[in-house]
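**Student:** quick check, what structure comes out for this input:
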Amino acid sequence: MPKSIDVAEYILKRRGPMPAMKLQKLVYYCQAWSLVWDGRALFEDEIQAWSNGPVAPLLYQRHEGQSVVRTVGGDADVVANDPIACETVDAVLKSYARKSQHWLYDLVHAEKPWREARGNLAPWLRGDRPISTELMVNYYSSLSPTSSAVCS
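**Tutor:** Next up is the predicted model:
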């Protein structure tokens, strides 16, 4: 099964360098929509509710200190060679990749999975509580647009 760094590497190959915060949000939405559309996790590692939004700690370790990320050392082919994963990631990119990191930040902060995982932590406080896949499925399935991307 892919890891968050594999999904991130695929995104970077498709869209080029981007701010670290934006990359984290795109990886989060790839996981969330994979859970809803495909009925499976896209990657195995955990997503946590940090102050700036959802973060995959493994991915963070790979880009820590970089404002713009060019590579994270993942294997993009793991995603590219899985037609279902590829279609899901491409659909997420089609919907979210043109949005700014600030727009994505505001969106995830307004959504239930991040807010509920944070609990009573103030928005500016550090936190590492996981965002459960069940919470993501319950929330995003209530919004569920259909996937329509084609891998290429």
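**Student:** quick one: average pLDDT of stretch 42-59?
**Tutor:** Across stretch 42-59, pLDDT averages out at 97.
**Student:** kindly report the same for stretch 75-84.
**Tutor:** Stretch 75-84 carries an average pLDDT of 97.
**Student:** residues touching it, excluding its own?
**Tutor:** For stretch 75-84, the surrounding residues in contact (C-beta atoms under 8 Å, 6 or more residues apart in numbering) are P2, D6, V7, E9, Y10, L12, K13, D38, A85, C86, V89, C151. Where you see a C-beta, it was placed from the backbone N, CA and C, and this is true even at glycine.
**Student:** now do that stretch: distance to the chain's middle.
**Tutor:** How far stretch 75-84 lies from its chain's middle: 16 Å, per C-alpha atoms, centre = their mean, to the nearest Å.
**Student:** swap in stretch 121-129?
**Tutor:** 19 Å.
**Student:** check stretch 73-86 too.
**Tutor:** Using C-alpha atoms, centre = their mean, the mean C-alpha position of stretch 73-86 is found 14 Å from that of the whole chain.
**Student:** ok, stretch 69-81 next?
**Tutor:** With C-alpha atoms, centre = their mean, you get 14 Å for stretch 69-81.
**Student:** give the buried residues for stretch 43-55.
**Tutor:** F43, D45, E46, I47, Q48, A49, W50, N52, G53, P54, V55 (16 or more other C-beta atoms under 10 Å).
**Student:** and the second one, how far from A110?
**Tutor:** So the one you mean is D45. Separation of D45 from A110 (C-beta to C-beta, to the nearest Å): 24 Å.
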